[in-house]
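Asker: Generate a structure from the sequence data that follows.
(chains A and B)
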Amino acid sequence: MPDPIISVEGISKRYRLRHQSAGYTTLRDSLTDWAKGLVGGRRAEVAAPGADEEFWALKDVSFEINRGEVVGIIGRNGAGKSTLLKVLSRITEPTSGRIRLRGRVASLLEVGTGFHPELSGRENIFLNGAILGMTKAEIKSKFDEIVAFSEVEKFLDTPVKHYSSGMYVRLAFAVAAHLDPEILIVDEVLAVGDAQFQKKCLAKMKDVAGGGRTILFVSHNLTAMSKLCTRGILLKQGEIISDDTVEVVAQQYLDSTLQPKDGESFSLRHQHPNLRLVGVTVDKEVADYGDSMTVSTEWQAACTLEVGIECAIRDESGAGVCYYGSGTIAGKEVCFRPGRNSVSLHFPRLPLAQGRYTVDIMAAKTCKFFFVFAEAAVNFTILRADPLGAGYWFCQGSNGGSVFLPCEMQTENETVIIGLSHASAPASEQMP
Amino acid sequence: MEELTIEAGRAEAHYWRDLWRYRDLFYFLAWRDLLVRYKQTVFGVLWAILRPFLTMVIFVVIFSRVAGLPSADGVPYAILVLGGMLPWQFFAASLSESSSSLLSNAGLITKIYFPRIILPASSVIVAMVDFAITLAMMAMVMVWYRYLPPARIVFLPVFVLLALVSALGPGLIATALNVKYRDFRFVIPFIVQFGLYVSPVGFKSAVIEEKLGTVARLVYALNPMVGVIDGFRWCIGAESTLHVAALAISVGVSLFLLWLGVRVFRATEKSFADIV
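Answerer: Numbering: from 1, shown residues only, chains lettered A, B, ... in the order given. Below you'll find the model as predicted:
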């Protein structure tokens, strides 16, 4: 009989969205409501019907977690992941349902909660430790360990407002990493920091997990999640869609993100009577950094014509990442004969960050006249991206951009070449 | 093994135990507020002493030299006023600082659990530190006037404790209301100003009895600060007798407000993270 350390029974959480210009309740509103109630001789209604809208961030969520399990919670933005963690860590109360926690809980929903910019690193270790629930004695006994882990010894007496963001995060994670709880709840903290630090954090978390502790982990970093977790829970609009091994759940999550928005195929801004785009496919919808990819296009031409085939890859924000154009960049147009024509675009290597990409396909005449313009004709996802196998999590939306540019680095004394490795196995641990 | 149940609307039995577990957080939050207050100032922590000192000098100069007011029962008027002013300043500082404590720490409330009552309570502790410094200043003023307080000054800590209780209750109520009704931050300065005049700061409570009778004095004691200030004055010898009935009423009101404050705070506490 397994021993559940966390049992969640039918948890729901409702938020009220107030449709008012003023977001906060003012005393005047409450007083006038109350006065109206007095005059009317009945209880004042808090608000006119329809003024408040209910929003269920969590709907009847139930699961059990056994001691020592490391569970990843996956879902798109707004799926209820953060609300679930907030309810579990007692920051907010559930609207209904019950949770039993059998052990000391520490939650790390943000790196550096309670850090004060004016205080020194040393002072912040004590303050943050106390906020996270450590006693003064505990912090004192772990102080040296925390400092060693954070690697900021030299700057211990400098106010943290002068720290680089990397140092700040290292110090903050170091305090949290030494909490020593039975249940650790972690929300997307690996999204910050450099490769070495991310690696260190993961190692520390593995360490914690190895020590028989229970971890609940929310991250968009599927690589980190699949390394760390054994089980995954997929949330969608406040409900559990799937609860399985982390591999299965990660795949389901990817499938759900790949589904076209409204079941339609691509959106066509332009078609031309003489040339129509009839199909676009991609050989793999999920790839890793450095993989190859082929986009196949099918065209229907009414007459013989020469056009340039152009292709743009955009990231999740819609910004252009890279561009290929037979007419523009390569200076060669494609000759279409009447009837069916197929053109395939083969990319031997995708030096792209983790995330979702869309591909625009165009047929144009010297970039002035578009025959066909298909926006987001296909999309694909880069699942794992660690360009040089150093343990770095290269993802869209971080400050590292979306494309990795190989680079050769040299110093005066020796030639250190970093950045030319064509490591295609992102999970590899060795340094190039 | 400790087990914790989270359920909607359930009053956690763990609350007071958690409060004990997080006892160090009281200290650290108060310590943070004190440290941060004087960071990047030229005089640094010296301000903690300088600020009350300057206030005190103004009082002493104005009341004894400029106003030339007589001393009552051999007690310099300055000391009489300080005996009322210092507890009142403590109360005012506690009320205004604790009421804004949750809003200024909104980042903490939405990201981490700890008994929320620690936030207003630790800002009362910060005010307490200032209070302690001003008390030391008052001792110096006594030395300057060559005034020897009576032996009953040993009871002063009792009234310091009463001042703490009197400040914490209204502070908790104001804190809870301030989160929900943002208007309260405009109401509090008004309460502080108004309170100064309805508390026996510039005069003695005995004046009320002389002019309006004993019943009025007892009604007046419903203001919890009356008990605190009268007690203070009694301890430092600025008041010859302690009106026990009035004091009992003030203590009763203080305790009732503390009970009410804790209740109101606990009742609204759970929604803080959603509102802030």
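Asker: So for the helix or strand of chain B with the lowest mean pLDDT, what gets flagged as buried?
Answerer: Sorting the helices and strands of chain B by mean pLDDT, DSSP states H and E puts helix B:46-60 at the bottom, at a mean of 75. By 16 or more other Cβ atoms under 10 Å in any protein chain shown, the buried positions in helix B:46-60 come out as B:48, B:51-53, B:55-56, B:59-60. (Each C-beta comes from the backbone N, C-alpha and C, glycine too.)
Asker: Could you export the residues you listed as TSV, including distance to residue A:271?
Answerer: Listed next are those as TSV, based on distance: Cβ to Cβ, whole Å:
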residue	distance to residue A:271
B:48	76
B:51	76
B:52	80
B:53	83
B:55	80
B:56	85
B:59	86
B:60	90
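Asker: Among these, which ones lie close to chain A?
Answerer: Among these, proximity to chain A is found for none (Cβ under 8 Å from any Cβ of the partner chain).
Asker: so where's the stretch 1-150 of chain A uncertain?
Answerer: A:1-2, A:17-29, A:33-52 (pLDDT under 70).
Asker: mind redoing it with 50?
Answerer: For the stretch 1-150 of chain A, residues meeting the criterion pLDDT under 50 lie at A:1, A:21-22, A:41-50.
Asker: The least confident helix or strand of chain B packs against which elements?
Answerer: Helix B:46-60 is packed against helix B:23-37, helix B:77-104, helix B:118-144, with contacts defined by 3 or more Cβ pairs under 8 Å, 6 or more residues apart in numbering or on different chains; DSSP states H and E.
Asker: quick one, the longest one and helix B:118-144 angle?
Answerer: Relative orientation of helix B:77-104 versus helix B:118-144 (axes from the mean of the first three to the mean of the last three Cα atoms, to 10 degrees): 160 degrees.
Asker: and residue B:258, what does it touch?
Answerer: B:165, B:168-169, B:172 (Cβ atoms under 8 Å, 6 or more residues apart in numbering or on different chains).
Asker: And for the residue nearest to residue B:56 when sequence neighbours are not counted, the neighbour number?
Answerer: Closest residue to residue B:56 apart from its sequence neighbours, by Cβ to Cβ, 6 or more residues apart in numbering or on different chains: residue B:137 at 5.1 Å. Neighbours of residue B:137 under the rule other Cβ atoms under 10 Å in any protein chain shown: 19.
Asker: and among the helices and strands packed on helix B:46-60, the most buried is which?
Answerer: helix B:77-104 (a mean of 23; mean count of other Cβ atoms under 10 Å in any protein chain shown).
Asker: quick one: that helix near chain A?
Answerer: No: judged by Cβ under 8 Å from any Cβ, helix B:77-104 stays clear of chain A, getting no closer than 10.7 Å.
Asker: and that helix, what does it pack onto?
Answerer: helix B:46-60, helix B:118-144, helix B:156-180, helix B:184-198, helix B:224-236.
Asker: got the angle for the longest one vs helix B:46-60?
Answerer: It refers to helix B:118-144. Using the same axes, to 10 degrees: helix B:118-144 against helix B:46-60 is 50 degrees.
Asker: got the angle between helix B:118-144 and helix B:156-180?
Answerer: 140 degrees.
Asker: and what of the shortest one?
Answerer: Helix B:224-236 and helix B:156-180 are oriented at 160 degrees to each other (the same axes, to 10 degrees).
Asker: Helix B:224-236: which residues count as buried?
Answerer: Buried-residue list, helix B:224-236, by 16+ other Cβ under 10 Å: B:224-236.
Asker: and which of these is nearest to chain A?
Answerer: In terms of Cβ to the nearest Cβ, no member of these lies closer to chain A than residue B:224, at 23.3 Å.
Asker: Test my guess that the closest one contacts residue B:254.
Answerer: Yes: counting by Cβ atoms under 8 Å, residue B:224 does reach residue B:254; the two are 4.2 Å apart.
Asker: overlap in contacts of those two?
Answerer: With Cβ under 8 Å, 6+ apart, residue B:224 and residue B:254 have common neighbours B:166, B:169.
Asker: Quick check: beta-bridge partners of the residue in the stretch 201-350 of chain A positioned nearest to chain B?
Answerer: Across the stretch 201-350 of chain A, the shortest distance to chain B (Cβ to the nearest Cβ) belongs to residue A:214, at 13.0 Å. Beta-bridge pairing of residue A:214 under DSSP bridges involves residue A:183.
Asker: will you turn the helices and strands packed on helix B:46-60 into JSON lines that also has distance to residue A:131 and mean pLDDT?
Answerer: Converted to JSON lines, these look like this (distance: least, Cβ to Cβ, whole Å; pLDDT from 0 to 100):
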{"stretch": "helix B:23-37", "distance to residue A:131": "6", "mean pLDDT": "86"}
{"stretch": "helix B:77-104", "distance to residue A:131": "14", "mean pLDDT": "86"}
{"stretch": "helix B:118-144", "distance to residue A:131": "10", "mean pLDDT": "87"}
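Asker: and residue A:303, which of these is closest to it?
Answerer: Of all the helices and strands packed on helix B:46-60, it is helix B:77-104 that lies closest to residue A:303, at 70.8 Å by Cβ to Cβ.
Asker: burial of the closest residue to residue B:249 other than its chain neighbours, as a residue count?
Answerer: Nearest in space to residue B:249, with sequence neighbours left out and distances taken as Cβ to Cβ, 6+ apart, is residue B:221 at 4.1 Å. For residue B:221, the count of nearby residues is 24 (other Cβ under 10 Å).
Asker: Give the full set of residues in contact with residue B:221.
Answerer: Applying Cβ under 8 Å, 6+ apart, the residues near residue B:221 are B:205, B:227, B:243, B:245-247, B:249-250, B:253.
Asker: Output the helix or strand containing residue A:362 as PDB - backbone C-alpha positions only.
Answerer: Assigned by DSSP states H and E, residue A:362 belongs to strand A:355-365. Coordinates of each C-alpha in strand A:355-365 appear next as PDB, following Å, rounded to 0.1, in the frame of the first residue of the first chain:
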ATOM      1  CA  GLY A 355       9.900  26.500 -28.500                       C
ATOM      2  CA  ARG A 356       7.300  26.600 -31.200                       C
ATOM      3  CA  TYR A 357       7.900  28.100 -34.700                       C
ATOM      4  CA  THR A 358       5.600  28.800 -37.600                       C
ATOM      5  CA  VAL A 359       6.600  28.800 -41.200                       C
ATOM      6  CA  ASP A 360       5.300  31.300 -43.800                       C
ATOM      7  CA  ILE A 361       5.300  30.200 -47.400                       C
ATOM      8  CA  MET A 362       5.200  32.700 -50.300                       C
ATOM      9  CA  ALA A 363       5.500  32.600 -54.000                       C
ATOM     10  CA  ALA A 364       6.600  36.000 -55.300                       C
ATOM     11  CA  LYS A 365       7.900  37.700 -58.300                       C
END
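Asker: Mind checking what helix or strand follows it in sequence?
Answerer: Immediately after strand A:355-365, counting by DSSP H and E, sits strand A:369-382.
Asker: re the thing from before, going by distance to residue A:65, which of the contacts of residue B:258 wins?
Answerer: residue B:172 (36.4 Å).
Asker: Can you classify the spatially closest residue to that closest one that is not a sequence neighbour by secondary structure?
Answerer: Excluding the flanking residues, the one nearest residue B:172 by Cβ to Cβ, 6+ apart is residue B:261, at 3.2 Å. With DSSP: H, G, I helix; E, B strand; the rest coil as the basis, residue B:261 sits in helix.
Asker: just residue A:60 next, same as before
Answerer: strand.
Asker: OK, contacts around it?
Answerer: A:10-12, A:97, A:239.
Asker: Among the residues you listed, which pair sits farthest apart?
Answerer: A:97 and A:239 (13.1 Å).
Asker: I'd like to know which residues of the stretch 151-276 of chain B are adjacent to chain A.
Answerer: So far as Cβ under 8 Å from any Cβ goes, the stretch 151-276 of chain B lies against chain A at B:180-184, B:187, B:270-271, B:273-275.
Asker: what's around residue 158, how many residues?
Answerer: You didn't pick a chain, so chain A it is. With other Cβ under 10 Å as criterion, residue A:158 counts 14.
Asker: sorry, should have said chain B
Answerer: Neighbours of residue B:158 (other Cβ under 10 Å): 11.
Asker: Cool, thanks, talk later.
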